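>>> Compute the structure for the input listed below.
(chains A and B)
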Amino acid sequence: MSHISPVLWQFLQHWLSNFPLWPPEASTIAPQMDALYFFMVLVSLVGLTIVVLLMISFSILYRRSRHPVAVQIEGSTLLEATWTIIPLGLFLIMFVWGSLIYFRVYTPPNNAMNIYIVGKQWMWKAEHPGGQHEIDALHVPIGRPVQLTIISQDVFHSFSIPAFRVKREAIPGHYTSVWFQATEPGTYHLFCTQYCGTNHSAMIGQVVAMKPDDYKKWLEESTSGQSLAQNGERIFASLSCGACHSGRADARGPNLASVFGSKLTLSTGQTVNVDEAYLRQAILNPSEHITEGYAPIMPTYQGQISEDGVIALVEYIKSLNSNYRVDQTLTTTDLLPESEGPKSAPAPAAKGAVKQ
Amino acid sequence: MNYLSKENGLLSWLLTGDHKRIAMLYLISITFFFFIGGALAGLIRLELLTPQSDLMATDTYNKVFSMHGIIMVFLFLVPSVPATIGNFVLPMMIGAKDLALPKINLLSWYLYIAAGAMMIYTMAAGGVDTGWTFTVPLSTHFLNTNVISAGLAVFVAGFSSVFTGLNFIVTVHKMRCPGMTWFRLPLFIWSHYAASILMVLGTPVLAITLVLVVMERAMGIGVFDPAKGGDPILFQHLFWFYSHPAVYIMILPGMGVISEVVSTFSRKRVFGYTAVAFSSVAIAVFAFFVWEHHMFIMGVSNYSTLVFSLLTMLVAVPSAIKIFNWTFTLYKGSVTFETPMLYSFGFMGLFTIGGLTGVFLAATGTDIHLTETYFIVAHFHFVMVGGMLMAFLSGVHFWWPKITGRMYPEKISQLAALITFIGFNFTFFPQFILGTLGMPRRYAAYPPEFQTLNVFSTAGATILGVGYLLPILYLTWSLKYGEIAGDNPWQATGLEWQTQSPPLTENFPETPVMDHEAYDYEWLERTRQKEVPSVG
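Below you'll find the model as predicted:
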């Protein structure tokens, strides 16, 4: 065989052996999506075969040498109805089936653990609630729903894990979310699939799905010593947020304890659900998010905090909820004036604020 | 005496009001840009031969695929069939002397040339790397390339397309010859009419969007900038509000070509004429209400995706109707396999695959996995290249005898059609698998396990390149050495075939009267027997 061209030989040996034709199925949604995919492949193959077979057999049966004079036919309402209704019916099945999967992928369950993803030219940063940071990598446990809250710091990116069959756009100025539950331990591709400039194709990384014990070990080894909420508390202090959001009855800003997850009435009379996206907007663009009964005095923090910083603040505000019920120290005057100092270190009491 | 020989000299061409001469000007200019776009595609495939980014810097690669997209979409696909073949045969098909607004027609060619010149300037000045989608905020705040000149080039090209569309609409309404009722129009006219409506209503939205991008970049007005209270998602809505209908602007005229060709070479009326005619209109109407399917993963409301997914499923139905009607046109026909017919068969097969894979993307669930990957790239190349380019080549061969008065050489062009079909499948079919594996589009480098399929794709592109070069050679050859064609070499029924080849400047010696239905081969037979001497 070696007398054939060496390049061709190399191609045959090297490239034709062992290349994948199907991505690994490593999440709970993957087999569901693949089932629909195969259904569509099947319908497409049947449809294509029908069209091609008809074309070939008509071409043979009615070629001019065999069928010199055409028979003029106007059409057939019955046939028109057939090839309108049957494709329509099949497409409607695909529509319903597809939408069921879509709603599943983009509706995270309540018990999902949340990891923040920040995309920037040209890297992915993952922020775990326990304070672990990762660049171009994401470690997740198998068997547990994981929600990703995704944002971009600059241009559109898109966070794609083909093995899990999930993908979500990372949009500047706007949180998006997606969730998955990994099933198979392993290392999988992580891609940016939205064109984002020079090094778009280098904005790739690895998703490592781990058995729960391994994951626990990884969390412990990778801890930065500061949880995300503790980081947020530091930012909260250094920006003197506590001056107004002191939690006291006479405070100029609303009490932030238990605000996350609540329904809030704004000065415009509008009622909003306080979620991560709302908190982010209220920090960066406060004049349009004034809680009823408060004056529009809060300055904007647009451009002063990075998306990572906003995420930490949001996690901190979320943590005020549980802490408020535990010992009420964080939102009382005991702590906040202390945090108001320009360079104060994080207060030790904040440890209780960590929500894992 | 004919439209080619009537006047000579460069000025007689550059100042012509004759739709046929303007069509020729278009044919030359779009062929030029097709080969620039094609060369860029060749560079893309060469880079992707290896997993590393080694042939060119990533910035260069980004520019190459961006300009490939911009040139192919705005300077080739959008004007391809309507501005060349449509321009040439649309007035003749309805028995008119010219388009309703000949000067506007010439203006639209000059606008096209202005857009082309700006695009060449953009390339000479270092190119642009926005992708053909000009996505903000990347295009407005993060790139140092020639976004403004490229954006303005597309803006100007848009006007060219609006004027062509407008001209077609007015012409079809006002210039039909006596007896040419709406339901006697060839289906080519119906599909061009539908595409014209899309051009006129859709293109201004793109124009405004690009002006906003240019203003945002030059003056920082902040419509799309979240830091200034703008919304980058708004750009996506505006852009796709044009750019989805644009897909139908590109494909509908091609469908018109297929109707003419399949009928002529089956010697049979198009099966279900009314169904095919109305499916063009249905596509044009639905086309405006499906744009959000480009944004399913962009954090739009889950419930809104239900509406857009459903409407996208519905827009697939008229295309299926057309495919089946063309297939049944062969039934009990008298079928021959000249080059235009072979390209049309290619269209029907490849467009069916392109359409069916579109359904994978219309279903929101599978779209999550497949969007922004090579699956998308394969899907729209099946529709645009496998569909539209095949239809364009089919049409060029079909009307070549009418346009030039000469036949193209049949055997070698049948071979070219076959080479194109094989090369096309080798190039783009592996990309469906790559996309399913998750390979993202617009990547200069990729993980090594994707190499084998990319090698197949690049090998296929080489074959495809040969398939596209051959027609240039033999069609040019035929201008001088081709057999004299005669008035109606295909024995086709359209009015354009009932006059001399190449036609007179006024198309017909006297205004024709349409006294029969479209595709009436029995009428043709009767006239032929009556006037035997005048044929050929």
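>>> Just list the residues touching the residue lying closest to A:Gln72 once chain neighbours are set aside, thanks.
In space, and not counting its chain neighbours, A:Gln72 is closest to B:Arg269: 5.6 Å by C-beta to C-beta, 6 or more residues apart in numbering or on different chains. Yep, even glycine has a C-beta here, placed from its N, CA and C like the rest. Contact analysis of B:Arg269 by C-beta atoms under 8 Å, 6 or more residues apart in numbering or on different chains lists A:Gln72, A:Ile73, A:Glu74, B:Ser263, B:Thr329, B:Glu517, B:Ala518, B:Tyr519, B:Asp520, B:Tyr521.
>>> Most neighbours out of the residues you listed, which is it?
B:Thr329 (29 neighbours; other C-beta atoms under 10 Å in any protein chain shown).
>>> Tell me how many other residues crowd the closest residue to B:His141 other than its chain neighbours.
Nearest residue to B:His141, sequence neighbours excluded (C-beta to C-beta, 6+ apart): B:Asp225, at 7.1 Å. B:Asp225 is flanked by 19 other residues according to other C-beta under 10 Å.
>>> isn't B:Asp225 right next to B:Leu138, touching?
No. If you go by C-beta atoms under 8 Å, B:Asp225 and B:Leu138 don't touch, sitting 11.9 Å apart.
>>> ok, back up a step: what about the residue nearest to A:Gln72, which SS state?
The assignment at B:Arg269 comes out as coil when based on DSSP: H, G, I helix; E, B strand; the rest coil.
>>> other SSEs contacting the longest helix along chain A?
For chain A, the helix that runs over the most residues, judged by DSSP state H, is helix A:29-61. Where contact means 3 or more C-beta pairs under 8 Å, 6 or more residues apart in numbering or on different chains; DSSP states H and E, helix A:29-61 is packed against helix A:77-105, helix B:302-330, helix B:339-362, helix B:364-370.
>>> Quick check: which of those is buried the most?
helix B:364-370 (a mean of 27; mean count of other C-beta atoms under 10 Å in any protein chain shown).
>>> And the next helix or strand past that one?
helix B:374-381 (DSSP states H and E).
>>> which other helices and strands contact that next one?
Using 3+ C-beta pairs under 8 Å, 6+ apart, helix B:374-381 sits against helix B:339-362, helix B:410-437.
>>> Report the backbone C-alpha coordinates of the helix or strand following it in CSV.
Using DSSP H and E, the next helix or strand after helix B:374-381 towards the C-terminus is helix B:390-404. Only the C-alpha atoms of helix B:390-404 are listed here, as CSV (Å, rounded to 0.1, in the frame of the first residue of the first chain):
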residue,chain,number,x,y,z
MET,B,390,-27.9,26.1,-9.0
ALA,B,391,-31.0,28.0,-10.0
PHE,B,392,-28.9,30.9,-11.3
LEU,B,393,-26.8,28.6,-13.4
SER,B,394,-29.9,26.8,-14.6
GLY,B,395,-31.3,30.1,-15.7
VAL,B,396,-28.1,31.3,-17.3
HIS,B,397,-27.9,28.2,-19.5
PHE,B,398,-31.7,28.2,-20.2
TRP,B,399,-31.8,31.8,-21.4
TRP,B,400,-28.3,31.9,-22.9
PRO,B,401,-29.5,31.2,-26.4
LYS,B,402,-32.0,34.0,-26.0
ILE,B,403,-29.5,36.4,-24.5
THR,B,404,-26.7,35.8,-27.0
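>>> leaving aside the residues next to it on the chain, what's closest to the residue of the stretch 251-356 of chain A found nearest chain B?
Among the residues of the stretch 251-356 of chain A, A:Gln302 lies closest to chain B, at 6.0 Å counting by C-beta to the nearest C-beta. Using C-beta to C-beta, 6+ apart and skipping residues adjacent in sequence, the residue nearest A:Gln302 is A:Leu284, 4.7 Å away.
>>> tell me the contacts of the one you found?
A:Thr300, A:Tyr301, A:Gln302, A:Ile305, A:Val310.
>>> Quick one, which of those residues has the minimum pLDDT?
Lowest pLDDT among the contacts of A:Leu284: A:Gln302, with 82.
>>> surely that residue meets B:Asp225?
No. The pair A:Gln302 / B:Asp225 is not scored as a contact, 11.0 Å apart, by C-beta under 8 Å.
>>> Please, where are all the strands along chain A?
Per DSSP state E, chain A carries strands over the ranges A:113-120, A:123-127, A:133-135, A:137-141, A:145-152, A:157-161, A:166-170, A:176-181, A:186-192, A:205-210, A:263-265, A:271-273.
>>> Give me whichever of the ones you listed is most buried.
strand A:157-161 (a mean of 28).
>>> For stretch A:181-189, list the C-alpha coordinates in CSV.
This file holds the C-alpha atoms of stretch A:181-189, laid out as CSV (Å, rounded to 0.1, in the frame of the first residue of the first chain):
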residue,chain,number,x,y,z
GLN,A,181,-27.4,18.1,34.9
ALA,A,182,-24.3,16.3,33.9
THR,A,183,-24.5,12.5,33.8
GLU,A,184,-21.1,11.2,32.7
PRO,A,185,-17.8,12.2,34.4
GLY,A,186,-15.4,13.4,31.8
THR,A,187,-13.8,16.4,30.1
TYR,A,188,-15.8,18.1,27.4
HIS,A,189,-15.4,21.0,25.0
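>>> mind listing what the residue nearest to B:His68 when sequence neighbours are not counted touches?
Closest residue to B:His68 apart from its sequence neighbours, by C-beta to C-beta, 6+ apart: B:Leu40 at 3.9 Å. Counting by C-beta under 8 Å, 6+ apart, B:Leu40 touches B:Val64, B:Phe65, B:Met67, B:His68, B:Ile71.
>>> And B:Thr379, how far from chain A?
Heads up, residue B:379 is His, not Thr. Distance, B:His379 to chain A, by C-beta to the nearest C-beta, to the nearest Å: 12 Å.
>>> and what of B:Glu7?
41 Å.
>>> which residues in the stretch 51-200 of chain B form helices?
B:58-70, B:87-93, B:102-124, B:147-174, B:187-219 (DSSP state H, counting those that start in this stretch).
>>> for those, which one sits closest to A:His245?
helix B:187-219 (34.8 Å; C-beta to C-beta).
>>> How far does the closest one sit from its chain's centre?
15 Å (C-alpha atoms, centre = their mean, to the nearest Å).
>>> could you point out which element follows that helix?
Counting by DSSP H and E, what follows helix B:187-219 is helix B:232-266.
>>> And that following helix, what's buried?
Residues B:232-233, B:235-266 are the ones in helix B:232-266 that count as buried (16 or more other C-beta atoms under 10 Å in any protein chain shown).
>>> Equivalent analysis for stretch A:21-37, please.
Result for stretch A:21-37 [16+ other C-beta under 10 Å]: buried residues A:23-30, A:32-34, A:36-37.
>>> swap in stretch B:475-487?
B:Leu475, B:Ser478, B:Gly482, B:Ala485, B:Asp487.
>>> if we can go back for a sec, can you redo the strands of chain A as CSV with distance to chain B and mean pLDDT?
Below are the strands of chain A laid out as CSV (distance: least, C-beta to the nearest C-beta, whole Å; pLDDT from 0 to 100):
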stretch, distance to chain B, mean pLDDT
strand A:113-120, 11, 95
strand A:123-127, 13, 95
strand A:133-135, 18, 93
strand A:137-141, 15, 97
strand A:145-152, 9, 96
strand A:157-161, 6, 97
strand A:166-170, 4, 96
strand A:176-181, 4, 96
strand A:186-192, 5, 97
strand A:205-210, 11, 96
strand A:263-265, 19, 89
strand A:271-273, 14, 90
